[in-house]
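Asks: Need a 3D model of the following:
(4 chains)
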Number of protein chains: 2
Amino acid sequence: MRRTRFDDWPCPIARTTDLIGDWWTPLVMREAFSGRRRFEEIQTALDAPRAVLTARLNRLVEEGMLERVEYQSNPPRFEYRLTPKGLAFWDVLAAMWRWGSDWLWPDGQEPPVVLKDRETGAIVTPLVIDEHTGEPLDVRRLRMGRNPAANPTS
Amino acid sequence: MRRTRFDDWPCPIARTTDLIGDWWTPLVMREAFSGRRRFEEIQTALDAPRAVLTARLNRLVEEGMLERVEYQSNPPRFEYRLTPKGLAFWDVLAAMWRWGSDWLWPDGQEPPVVLKDRETGAIVTPLVIDEHTGEPLDVRRLRMGRNPAANPTS
DNA sequence: AGAGTAAGTTCGGTTGTTGAACTGACCGAC
DNA sequence: GTCGGTCAGTTCAACAACCGAACTTACTCT
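Replies: Numbering: from 1, shown residues only, chains lettered A, B, ... in the order given. This is a model prediction of the structure:
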């Protein structure tokens, strides 16, 4: 009676949920993006149970989102670096950031943190568009359909 | 020893994680977006444990993402409709859709489903950009900083 | 009368999370 | 040369959440 897994489902949302539905995982990724690489660093920043953090880091390494790299050998110490797959995941966190900022603070209040461009200092506001039209998504016009290019074995 | 809650954390990603980190929740929202509104409909589509689905729907109603509407009174029956807050959440699912499609299928394979425009039939490919510049996000140039407009009590 | 439908609730058993303490290998200071 | 500190975990018992299956209530349809 294990927790139901979604990583074999045919839907991209389901498979992604399997990853980030693991409690703590998006926050571990957030820490990775803000430059923290070491176990202690992340554990202290999040105050997450150490056993859970171990499990999450291992999962993220297995999934190819982080890479476990030895940065000293005596005693052996490791750090966790974002891979290209992990870096690409930032877009998901950015969408969460935007929606959370827009909807999860009481009226008249704003979150205490914003995203900024490191060089210009300008505030960055993530927005999801359709790559082909450049327009924001219109939920009412969307539907899910069969992928004509899909390999039948997938 | 309850599961750690993130809904009071000062970070938008943390608060959003508190919602979608609940197992099944993103999939319940996906079903809502694909037009399913009734308990049985959603339960059958997902094959989720009924008690869990009850808990998730109640949470989403509490959070103001779904609205519980009586559609017949004898016996009382209810359906769940997306609110504006719930509709806005589609952007997060779209970002998950894109990342999952790009990274969670083995090489040479593609997901069996795509997003399409209901009217034109064109394939829709979600992309996250910065609303101000119109450019895709560059992770290396981003940092998190204090919000100059934040209300001190938030 | 009996079967079916809808929206849940209840149940016992299993898995996952939590906080705190512990481990083992090293380092640097006294 | 031992004492305290750092780092990256592991171990443990208590508790919470999840699982599948069966049950409930109040109708309607045949």
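Asks: per-residue confidence at the residue located most distally from the centre of chain A?
Replies: The C-alpha centroid of chain A is most remote from residue A:74, which lies 32.2 Å away (CA atoms, centre = their mean). Per-residue confidence (pLDDT) for residue A:74: 86.
Asks: quick one: it from residue A:93, how far?
Replies: For residue A:74, the distance to residue A:93 equals 36 Å [CB to CB, to the nearest Å]. Quick note: C-beta positions are derived from backbone N, CA and C, even for glycine.
Asks: Equivalent analysis for residue A:87, please.
Replies: From residue A:87 to residue A:93 the distance is 11 Å (CB to CB).
Asks: More neighbours: which of the two?
Replies: When neighbours are counted by other CB atoms under 10 Å in any protein chain shown, residue A:93 comes out ahead of the other of residue A:87 and residue A:93, with 28 against 15.
Asks: check which helix or strand covers that one.
Replies: Applying DSSP states H and E as the criterion places residue A:93 in helix A:90-103.
Asks: by contact count, what packs against that helix?
Replies: On a contact count with 3 or more CB pairs under 8 Å, 6 or more residues apart in numbering or on different chains; DSSP states H and E, helix A:90-103 meets helix A:25-33, strand A:113-117, strand A:126-130, helix B:12-20, helix B:84-88, helix B:90-103, strand B:126-130.
Asks: ok, residues contacting the third one?
Replies: Translated: strand A:126-130. For strand A:126-130, the external contacting residues (CB atoms under 8 Å, 6 or more residues apart in numbering or on different chains) are A:91, A:94-95, A:97-98, A:115, A:135-137, B:91, B:94-95, B:124-131, B:137.
Asks: There's contact between residue A:70 and residue A:76 in this structure, I believe.
Replies: Yes. Using CB atoms under 8 Å, residue A:70 is in contact with residue A:76, at 5.9 Å.
Asks: Give me the mean pLDDT for stretch A:78-85.
Replies: Computed over stretch A:78-85, the average pLDDT equals 98.
Asks: brain fart, stretch A:140-149
Replies: In this model, stretch A:140-149 has an average pLDDT of 94.
Asks: Distance from the chain centre to it, please.
Replies: In terms of CA atoms, centre = their mean, to the nearest Å, the centre of stretch A:140-149 is found 24 Å from the chain centre.
Asks: How about the backbone phi and psi for residue A:71?
Replies: Backbone torsions of residue A:71, given as degrees, to the nearest 10, read phi -110, psi -10.
Asks: Give me the three-state assignment for the residue nearest to it when sequence neighbours are not counted.
Replies: Once flanking residues are discounted, residue A:71 sits nearest to residue A:79: 5.1 Å by CB to CB, 6 or more residues apart in numbering or on different chains. Judged by DSSP: H, G, I helix; E, B strand; the rest coil, the three-state class of residue A:79 is strand.
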